[in-house]
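# Pasting a predicted model and its sequence here:
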Amino acid sequence: MKNNRSVIIWLLSGCLLLFIMVMVGGITRLTNSGLSMTDWHLITDTFPPLSEEKWENAFEEYKKFPEYQKINIHKDFTLSDYKFIYFWEWFHRFIGRIIGLVFIIPFIYFLIKKKLDKQTIRKCIVLLFMGGFQGFLGWFMVKSGLINNPDVSHFRLALHLTFAFITFAYTLWVALDLIYPEKNSIIKPLRKIARFALLFLIIQIIYGGFVAGLNAGLIHNHWPLMSDGQFFHESITLEQPTLIKSFLEGKSGIQFIHRTFAYVVVFIMCFLFFKSKKYNLNKLQSKGINSIIIIVFIQFALGVLTLLYHVPLWLGLAHQLVAFILLSAMTFTLHRLSK
């Protein structure tokens, strides 16, 4: 680890920046700021407009697009309001640029100084491509809300969000490979359960993106049952022509999957916990599994509260933040059970 300390710090710094970026992305979504910048320029968008004239020009450009024409024009939307939503989208993109620099410049330095072995170089190249693709997905998402619909595609939002989580998890995994170069005895039964737990968590994150994209958390604000005391609310089958489409595009159907699948995620993580008691785990493996149990119940409670209180900004962010922490704990635990 001592030989790789600077590389580890670099990778963990990337993890921290990815975490911050996802949090700012959550604020951007919850404040409806994501469509405030109607174009993308790598250099000229680095800083916000620096004069009142440029602000006016940006605002006039924004007025040409569906979000203003179909929604904000009816809200006495002023330049001051526009500056607020512009800030969050600009800040989100600015952090993306910082992440790019933080990954590329040290990577080149470490290559020159020969601080990376061939295996780590390959992993870091994958990370660089993942970062570039994530930037593309961000613009691909925004573009969907600039044509006819004054909101982004919930499919593209979920893809952008989930890929950010996956990029974070992979970056953490690469760092863990360097932090713990020694090999553990692999506990195959627990590793298999942990892999399923990670897969189910990612599915839940995808549906969290669907919920966010369709504002599906603003309906059926009851728990443990949906509206009218129904477990499977009748509106699920009415929104779309088929049940499959309801579970992919209907607000009620998507919320039903997200709230119900939460029980599945909790169950498999509890199963991992109780199954682990049959094995002689080392300290790190035990800490990882114990942390998963604590975090998943916190996340479940936050999900319920977010729903009951109609998705206030702070609860929505807390729910997303703890999802990130849960993914971190899951990645760490799977790593310790696998290597």
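In hand now; what should we look at?
# Tell me which stretches of this protein form helices.
For the chain, the helices defined by DSSP state H cover 5-30, 52-62, 66-70, 79-112, 118-143, 154-179, 188-214, 235-238, 243-249, 251-276, 283-308, 313-338.
# Those into TSV, with extra columns for distance to Trp40?
Every C-beta, even on glycine, is put in place using the N, C-alpha and C of the backbone. Output for these, formatted as TSV (distance: least, Cβ to Cβ, whole Å):
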stretch	distance to Trp40
helix 5-30	15
helix 52-62	13
helix 66-70	16
helix 79-112	8
helix 118-143	5
helix 154-179	14
helix 188-214	20
helix 235-238	37
helix 243-249	27
helix 251-276	28
helix 283-308	31
helix 313-338	24
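# residues touching the nearest residue to Phe19 once chain neighbours are set aside, list them.
Closest residue in space to Phe19, ignoring its immediate chain neighbours: Phe324 at 5.8 Å, by Cβ to Cβ, 6 or more residues apart in numbering. With contact set as Cβ atoms under 8 Å, 6 or more residues apart in numbering, Phe324 has these partners: 19, 22-23, 165, 168.
# For stretch 162-174, list every residue counted as buried.
162-165, 167-174 (16 or more other Cβ atoms under 10 Å).
# whoops, stretch 261-271 was the one
For stretch 261-271, by 16+ other Cβ under 10 Å, it's 261-262, 265-266, 268-269.
# Which single one of those is nearest to Asn290?
When the buried residues of stretch 261-271 are compared for distance to Asn290 (Cβ to Cβ), Met269 comes out closest, at 11.0 Å.
# before we move on, the earlier item: and the helices of the chain: which comes nearest Met37?
helix 79-112 (4.9 Å).
# which of the residues in the closest one are buried?
Those would be 82-83, 85-96, 99-100, 102-103, 106-107, 110, for helix 79-112 by 16+ other Cβ under 10 Å.
# what's the answer for stretch 306-313, then?
306-307, 311.
# Now do the same for that stretch: mean pLDDT, whole number.
The average pLDDT within stretch 306-313 is 96.
# try stretch 89-97
Stretch 89-97 comes out at a mean pLDDT of 93.
# Please work out which residues outside it touch it.
17, 20-21, 24-25, 28, 33-37, 40, 42, 45-46, 48, 134-135, 138.
# Stretch 244-253 too?
154, 210, 214-216, 219-220, 226, 233, 235-237, 239-240, 243, 254, 256-257.
# now the residues you listed: which count as buried?
Applying 16+ other Cβ under 10 Å to those flags 154, 210, 214, 216, 219-220, 226, 233, 235-236, 240, 254, 256-257 as buried.
# Considering those, which is situated nearest to Arg122?
So of the buried ones among the contacts of stretch 244-253, ranked by how close each gets to Arg122 (Cβ to Cβ), first place is Phe210, at 33.3 Å.
# and the closest residue to the closest one other than its chain neighbours, what does it touch?
Leaving aside its sequence neighbours, Phe210 sits nearest to Ile254 (Cβ to Cβ, 6+ apart; 4.6 Å). Listed by Cβ under 8 Å, 6+ apart, the contact set of Ile254 reads 154, 207, 210-211, 214, 216, 247-248.
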